[in-house]
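Engineer: need coordinates for the following:
(chains A and B)
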Amino acid sequence: MNTLWKSTPMRMALALVALFWVVSLLSLGGSYLVIRQSLEDAISADLEQNMAGFRAAPSAGALAALISAEAAATDPDERILSYLAPDGRHYGNALIARSNDGFRILRKNTGRAPSDETYLILSATLHGGQLSLATSLSRIGDLRETFVNILLLSLLPTMVIALGFGVLIARRSAQRLKAVEGTLDRLTRGDLSARTPVLSGWSDDISTIGTSVDRMAKAQQASVSALKQVSADIAHDLKTPIQRVAMLLRQLSGTPDLGPKAQVLAEKAAEETDGIVATFQSLLQIAQIEGGSPKARFQPVDLAALAQTFTEVYEPAAEDSQHQLVLELPKSGPTIVNGDKGLLGQVFANLIENALRHTPPGSRIDITIARTADQVKLTVADNGPGVPAEERLNVLRRLYRLEQSRTTPGNGLGLSLVSVIADLHDAKLELASNAPGLAVSLTFTATGPGAGAGKAD
Amino acid sequence: MHQPINKTKAALEKGSPATAFGDVMKILVIEDDATTGDYIAHGLREEGHTVDLVPDGRDGLIRATTADYDVLVIDRMLPGLDGMSIVKTLRGAKNRTPVLFLTSLGGVDDRIDGLNAGADDYLVKPFAFGELSARVAALARRPKLKDEETTLQAGDLTMDLIRRKVTRNDTEIDLLPREFALLEHLLRRKGRVQTRTMLLEAVWDISFDPQTNVVETHISRLRAKVDKPFESELIKTVRGAGYRIES
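Structural biologist: Below you'll find the predicted structure:
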């Protein structure tokens, strides 16, 4: 709900409501003032005209008779006639106390109405007495009430309708923005097949953005796949000549009538081609795994057993380079995931080799298998120099090597291979700091007995 | 197409590491790439085997069914008829001649596909000749393995498979389970070269070649217990190929 108030359509609806309020207040207030003024003018003119009529009376007695006659037919709530004769007697339908001549406003409790009534009074001295004529200003009060009612009747529904509409549009925009945002997120994470879902309802600027995002993603996907195709084609075209060169060099190094010097050179060249072959093998393997074909032969694989095998395989090598391999397996529960055993083995091999290669003698390498309700997590962590946070995504890139490890053996494909194998298995790959050192973990969805209910594969 | 038969034993007598790979065999190589074909044929002939090299799949199948070979080396991608079809056809016709499959770089599924089709072993190009030679020898000898034995012997070393004990010169050698398995594997194939990848597959069930030479480190551990305290060396290194225990 908090985000609803922050959304653009909601803010615009609120601003429009406020603007409408201000404009209506100004125009209605202005009209009220103008109408009131003219009403007051009309009342005073009326009073003066009335007064002029009474001035025509020839004597105080005649005036008193006139007043009494008219007062009898006049409702004092509307109009008051009051004449204080020179002899002190009072004529009229109500008493208005003696005051200065001229106009004044009087608030008077009639005793009948629940609220005070306001009168405009005109007093004048006639034949020694004072005549006061008063007209109720209740019409002006009615006018104000009418204006307030107009204001409320027009503004309140407007506000409710505008706000309701604003919330509706904001909700809808939020949904659409969320869809576009989700697509952008997936694209950022490297899923170039992500597209904005079809947005329901009328098309607007957001759906236009969605279409543009899709167009961009499509173009990017096309260029990436073209690039991948080119690299795969290059690798494919080069692999046969490389195979031949490797075999020819081996054949050459085994030729008996070759001088010892030449034999050594031929052997060295053959060894170099082994490195090239290994790089090619990894590149082609990555391309093939990305194609997803190994998925067809997935079978249950016990990660704990695999971890045990590979720890054992690398134990003597680690000992030779003065590294300590520490294996930790969960005490209970199966650690079975659905996958390709050969490729998962390669994950262990690459991660352990990586740790052995990039940490100084005396370092400790922890190989851990942990299990939660429906996940199995494999972690290989070392206490070596680690990988800086900003480089952690880079090391997954093909052929990328950190400045600090340019001189160590390896082709920069080990972690790339781990990354594509993780993707193939829908496992979450994480590179984190082991404070100090690097911790690489893969989180798999567990299968088989003990796995979370409802997780059918 | 039909290569002249080369039966000279000169290579065997020269003392090159390959000479010890075993008996003379009749081998059919079906490989369309001339460089690879020559490399294989040349190497196998040097070892004294009889080799027929055929570059076409259909011709290869005809030859494999009409002549009696000890081992077939078949490339996966061939003109005429591909390697998989050849193996399937042979197995369908109850031809049980051991087959070593050759495949190009980069195949992840090729290994399993090949083995499923009925091939007995599998090798990725480019390979060291020692690897091919050791695997061909292993295939030819495969049925001769004796699994029912309860003790294995080589020189003054005895392995008791029931009590899981190893003694040399009446001295008991304490081995870890995997060291025992490694030694057992070599003893059962006494006199034959076992390559690094063959050992990885057999002892650890690992079908890819790690960049670190892990097998070497395990062999050196085993040697430290089996060979070092004694006068003679039982586990021999065969240069460019692998390891072997002398018979």
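
Engineer: and the residue in the stretch 151-300 of chain A that chain B sits nearest to, what element?
Structural biologist: Relative to chain B, the nearest point of the stretch 151-300 of chain A is residue A:284 (2.6 Å; CB to the nearest CB). No exception for glycine: its C-beta is placed from N, CA and C like everyone else's. Element membership for residue A:284 (DSSP states H and E) is helix A:260-290.

Engineer: what residues are up against residue A:253?
Structural biologist: With contact taken as CB atoms under 8 Å, 6 or more residues apart in numbering or on different chains, residue A:253 is in contact with A:263, A:266-267, A:269-270.

Engineer: apply 6 Å and report the result again.
Structural biologist: When contacts are counted by CB atoms under 6 Å, 6 or more residues apart in numbering or on different chains, residue A:253 touches A:263, A:266-267, A:270.

Engineer: which one among the residues you listed gets closest to residue A:83?
Structural biologist: residue A:270 (137.3 Å; CB to CB).

Engineer: neighbours of residue A:73, just the number please.
Structural biologist: 7 (other CB atoms under 10 Å in any protein chain shown).

Engineer: any idea how far it lies from chain B?
Structural biologist: 115 Å (CB to the nearest CB, to the nearest Å).

Engineer: repeat that for residue A:387.
Structural biologist: For residue A:387, the distance to chain B - CB to the nearest CB - is 19 Å.

Engineer: now residue A:56
Structural biologist: 123 Å.

Engineer: what number of residues lie near residue 174?
Structural biologist: Defaulting to chain A. As a burial measure, residue A:174 scores 19 neighbours (other CB under 10 Å).

Engineer: was after chain B, sorry
Structural biologist: 9.

Engineer: try the one 4 residues further on
Structural biologist: Neighbouring residues of residue B:178 were enumerated by other CB under 10 Å; the total is 18.

Engineer: the stretch 1-150 of chain A: strands as residue ranges?
Structural biologist: A:79-84, A:90-92, A:102-108, A:117-126, A:129-136 (DSSP state E, counting those that start in this stretch).

Engineer: and those strands: which comes nearest chain B?
Structural biologist: Among the strands of the stretch 1-150 of chain A, strand A:117-126 comes nearest to chain B, with 98.5 Å by CB to the nearest CB.

Engineer: identify the residue spatially nearest to residue A:328, adjacent ones excluded.
Structural biologist: Spatial nearest neighbour of residue A:328, chain neighbours left out: residue A:368 (4.5 Å); criterion: CB to CB, 6 or more residues apart in numbering or on different chains.

Engineer: that neighbour: what secondary structure?
Structural biologist: strand (DSSP: H, G, I helix; E, B strand; the rest coil).

Engineer: residue A:422 versus that one, what's the distance?
Structural biologist: 16 Å (CB to CB, to the nearest Å).

Engineer: so the two - more neighbours on which side?
Structural biologist: Applying other CB under 10 Å to residue A:368 and residue A:422 shows that residue A:422 carries more neighbours, namely 23 against 17.

Engineer: top of the contacts of residue A:253 by neighbour count?
Structural biologist: residue A:270 (22 neighbours).

Engineer: close enough to count as contact, that residue and residue A:250?
Structural biologist: Yes - between residue A:270 and residue A:250 there is a contact under CB atoms under 6 Å: 5.2 Å.

Engineer: within range of chain B, give me the residues from chain A.
Structural biologist: Residues of chain A lying near chain B by CB under 6 Å from any CB of the partner chain: A:239, A:243-244, A:246-247, A:251, A:277, A:280-281, A:284-285, A:288, A:293-294, A:309, A:312-313, A:316-317, A:320, A:342, A:345-346, A:349, A:353.

Engineer: I'd like the average pLDDT over the helix holding residue A:284.
Structural biologist: Taken as a whole, helix A:260-290 has a mean pLDDT of 85.

Engineer: pull out the buried residues from it.
Structural biologist: A:266-267, A:269-270, A:273, A:276-289 (16 or more other CB atoms under 10 Å in any protein chain shown).

Engineer: sketch out the low-pLDDT regions of the chain for me.
Structural biologist: Chain wasn't specified; assuming chain A. Low-confidence segments of chain A (pLDDT under 70): A:1-5, A:108-116, A:199-202, A:403-411, A:448-457.

Engineer: that answer is for a different chain, and I need it for chain B
Structural biologist: Scanning chain B for pLDDT under 70 picks out B:1-22, B:105-109, B:141-147.

Engineer: all strands of it, in order?
Structural biologist: With strands called from DSSP state E, chain B shows them at B:26-30, B:50-54, B:71-75, B:99-103, B:121-124, B:151-154, B:157-160, B:165-168, B:171-173, B:194-195, B:235-238, B:242-245.

Engineer: so residue A:417 is in which element?
Structural biologist: Assigned by DSSP H and E, residue A:417 belongs to helix A:414-424.

Engineer: which of the residues in the helix or strand following that helix are buried?
Structural biologist: Tracing the chain past helix A:414-424, the next element assigned as helix or strand by DSSP H and E is strand A:428-433. By neighbour count on 16+ other CB under 10 Å, the buried set for strand A:428-433 is A:429, A:431-432.

Engineer: checking residue A:333 next. Helix, strand or coil?
Structural biologist: Going by three-state DSSP: residue A:333 is coil.

Engineer: tell me the residues of chain B that contact chain A?
Structural biologist: For chain B, the contact set with chain A under CB under 6 Å from any CB comprises B:35-36, B:39, B:105-106, B:108-109, B:125-126, B:178, B:204, B:206-208, B:210-212, B:214, B:217-218, B:221.

Engineer: mind listing the helices for chain B?
Structural biologist: B:10-14, B:34-46, B:57-66, B:83-92, B:110-117, B:129-141, B:177-188, B:196-199, B:214-226 (DSSP state H).

Engineer: OK, contacts around residue A:269?
Structural biologist: Residue A:269 makes contacts with residue A:249, as judged by CB under 6 Å, 6+ apart.

Engineer: picking that back up, export the strands of the stretch 1-150 of chain A to CSV and tack on mean neighbour count?
Structural biologist: CSV is the format used below for those (neighbours: other CB atoms under 10 Å in any protein chain shown):
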stretch, mean neighbour count
strand A:79-84, 23
strand A:90-92, 20
strand A:102-108, 13
strand A:117-126, 19
strand A:129-136, 23
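
Engineer: for residue B:227, which non-adjacent residue is spatially closest?
Structural biologist: Computed as CB to CB, 6+ apart, the closest residue to residue B:227 that is not its neighbour in sequence is residue B:233, at 5.0 Å.

Engineer: hmm, the one you found is touching residue B:224, no?
Structural biologist: No - Residue B:233 lies out of contact with residue B:224 (CB under 6 Å); the separation is 11.9 Å.

Engineer: helix or strand for residue A:183, just tell me which one.
Structural biologist: Using DSSP H and E, the element containing residue A:183 is helix A:138-188.

Engineer: any idea which helix or strand comes after that helix?
Structural biologist: Later in the chain than helix A:138-188, the nearest helix or strand by DSSP H and E is helix A:205-253.

Engineer: how distant is that next one from the center of its chain?
Structural biologist: Its chain's C-alpha centre lies 36 Å from the corresponding centre of helix A:205-253 when counted by CA atoms, centre = their mean, to the nearest Å.

Engineer: again with stretch A:188-201
Structural biologist: Computed by CA atoms, centre = their mean, the chain-centroid distance of stretch A:188-201 equals 16 Å.
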